[in-house]
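Peer 1: here's my sequence, what's the structure:
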Amino acid sequence: MFNFTIMRIHLIAIGGSAMHNFALALAHSGHDVTGSDDQIFEPSRSRLEEAGLLPSKEGWRPELLSSEIDVVILGMHARKDNPELARAKELGLDVKSYPEFLYHATQNKLRVVIGGSHGKTTITSMVLHVVKKLGRSADFMVGAQLEGFDRMLELNDANELAIIEGDEYLSSPIDSRSKFLHYKPNIAIITGISWDHINVFPTEESYLDTFRKFISTIEPNGSLVYCDEDPQIVSLISNLSLSRSDIKLIPYSTPKSINKGHGSKITYSDGSTSLTNLVGAHNFQNLAGARAICQAISISPSEFDKAIDGFTGAARRLEIVSEREDFVIFRDFAHAPSKLKATQAGVVGSFPDRKVTAIFELHTFSSLNKEFLPQYKNSMNDVDSAIVFYDPEVVKHKRLPAISKQDVKEAFARTDIEVITSVKELEKRFKEIPTINHCILLMSSGQFGGAIF
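Peer 2: Residues are numbered from 1 along each chain as shown. Okay, the predicted model is just below:
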């Protein structure tokens, strides 16, 4: 167990989204923090510079490592042969991935871990919004910048509660375990399971297996909140009575909804109702999940319903980029097939009288993998116009086999789908989209090749 009074902490790959937030949070808590990276982009660069944590120069610097360092946190951007990592091993320093470090920092607290293929960030954001509004303090880790919070991470010895977004991706270059396998939750949630990250989980079964392991890490007599509409989750927990009969199972489902023009009235399974300005059935399902978690940490449904008022969402999660009376542009982080379907269905369902054009960027390793592409079949059929963009140079950079426009068209199985591979062509096509009685939905985990919309 760490002594968190004062530590000397070095972060290898300090410029990453999660890692620079770790640096900021640890320095804010009074620790002596250093770090390095071979590339640091915005907004990490400005935030680190403002906090006095920006490395004096880019590059790996083994000379920064000494026996006086208490712990080294290794980020995903580093490689196994990183010279600083080699130096840390040579000195016998304590090297941890950030999920390992996060567990040790919160091991004496009530840990709530939000897992699943989709909705993790949104549900974590909802829970944090409610907890903060009710005046409760908590450690947290979330995958997006939230309104009203200075950082994506907070660690404070005085807090008794920790709310953690649990990612199933790799922990570090030298730790192939899913991040969420480190956290050992007292209360866990699984929002849904849909095969993703083909570079890490080459088969659907291997992807399911990491969620089985996640369930097995729940602390004795812990709780598992789960969406009972997801057949994969229901199948996974069907044998829990034999292997983990101590776990309390808490199901939730999508509330019924009625569109009220400027928002929706939703009715939960317990019969209670609430008004929300959030868009789409998937967000309503997220509300139900967040509500169930809050009830598990002694926040009543009525308290949740009052406190969630004013929640606007996390960055790039159905975020409104531009809006006027009869036109709106949304941006969403959606990239996996299930996320595309849920996001589009949400927008179409919330604006039944408007046309919807969706633009999706193939950007992740999985989405650009020719073997995975067929998973996108029928995933863009809900919208009126569907456009898919990808950059062949990104495919080359990821060292994947080339894909053609025809490959993409066949994979999505929509005859009128448009496939664009040029940023200039994408910008031109964007300008042609109607701006009257219309919605535009931009979906990507990337930046559309730097296109200016």
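
Peer 1: now do the buried residues in the helix or strand bottoming out on mean pLDDT in the chain.
Peer 2: Least confident helix or strand of the chain, by mean pLDDT, DSSP states H and E, is helix 240-243 with a mean of 78. Under the neighbour-count criterion of 16 or more other Cβ atoms under 10 Å, helix 240-243 has Leu240 buried. Backbone N, C-alpha and C define where each C-beta goes, glycine included.

Peer 1: now do that helix: distance to the chain's middle.
Peer 2: In terms of Cα atoms, centre = their mean, to the nearest Å, the centre of helix 240-243 is found 29 Å from the chain centre.

Peer 1: give me the pLDDT for the residue lying closest to Leu53 once chain neighbours are set aside.
Peer 2: Among residues not flanking Leu53 along the chain, Ala23 sits closest, at 5.2 Å (Cβ to Cβ, 6 or more residues apart in numbering). Reported pLDDT at Ala23 in the predicted model: 97.

Peer 1: which strand or helix spans Ala23?
Peer 2: Assigned by DSSP states H and E, Ala23 belongs to helix 17-28.

Peer 1: same thing with Ser194?
Peer 2: Counting by DSSP H and E, Ser194 is part of no helix or strand.

Peer 1: any stretches of this structure with poor pLDDT?
Peer 2: 1-4, 261-262, 314-316 (pLDDT under 70).

Peer 1: quickly list the domain ranges of it.
Peer 2: Domain segmentation of the chain under automatic domain parsing yields 8-93, 101-307, 319-450.

Peer 1: any chance of these in a markdown table, with distance to Gly313 too?
Peer 2: Output for those, formatted as a markdown table (distance: least, Cβ to Cβ, whole Å):
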| stretch | distance to Gly313 |
| --- | --- |
| domain 8-93 | 18 |
| domain 101-307 | 7 |
| domain 319-450 | 6 |
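
Peer 1: quick one: the strands in the stretch 301-450 of the chain, in order.
Peer 2: Here the stretch 301-450 of the chain has its strands, by DSSP state E, counting those that start in this stretch, at 319-324, 327-332, 355-361, 385-389, 418-420, 438-443.

Peer 1: tell me, how many residues neighbour Glu325?
Peer 2: 7 (other Cβ atoms under 10 Å).

Peer 1: same deal with the one 5 residues further on?
Peer 2: Neighbours of Phe330 under the rule other Cβ under 10 Å: 24.

Peer 1: residue ranges for the helices of this protein, please.
Peer 2: Under the criterion DSSP state H, the chain contains helices at 17-28, 44-50, 83-90, 98-106, 120-133, 204-216, 231-237, 240-243, 281-296, 301-307, 337-350, 392-397, 405-412, 423-431.

Peer 1: for Lys377, which of those is the nearest?
Peer 2: helix 405-412 (6.6 Å; Cβ to Cβ).

Peer 1: what angle sits between the closest one and helix 337-350?
Peer 2: With axes from the mean of the first three to the mean of the last three Cα atoms, to 10 degrees as the basis, helix 405-412 and helix 337-350 are set at 70 degrees to each other.

Peer 1: which secondary structure elements does helix 405-412 contact?
Peer 2: strand 385-389, strand 418-420 (3 or more Cβ pairs under 8 Å, 6 or more residues apart in numbering; DSSP states H and E).

Peer 1: please identify the deepest-packed of these.
Peer 2: Highest mean neighbour count of the helices and strands packed on helix 405-412: strand 385-389, a mean of 22 (counted as mean count of other Cβ atoms under 10 Å).

Peer 1: just the C-alpha atoms of that strand, please, in CSV.
Peer 2: Only the C-alpha atoms of strand 385-389 are listed here, as CSV (Å, rounded to 0.1, in the frame of the first residue of the first chain):
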residue,chain,number,x,y,z
SER,A,385,-28.5,10.2,-45.6
ALA,A,386,-25.4,8.3,-44.6
ILE,A,387,-21.8,9.4,-45.3
VAL,A,388,-18.7,7.4,-44.3
PHE,A,389,-15.2,9.1,-44.4
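
Peer 1: about what we covered before: want to throw the strands of the stretch 301-450 of the chain into TSV with distance to Thr5?
Peer 2: Shown next, in TSV, are the strands of the stretch 301-450 of the chain (distance: least, Cβ to Cβ, whole Å):
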stretch	distance to Thr5
strand 319-324	39
strand 327-332	42
strand 355-361	46
strand 385-389	50
strand 418-420	55
strand 438-443	45
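
Peer 1: which residues sit in contact with Ser272?
Peer 2: When contacts are counted by Cβ atoms under 8 Å, 6 or more residues apart in numbering, Ser272 touches 301-302, 305.

Peer 1: tell me the one of those nearest Ser257?
Peer 2: Checking these one by one against Ser257 (Cβ to Cβ), the nearest turns out to be Asp305, at 14.5 Å.
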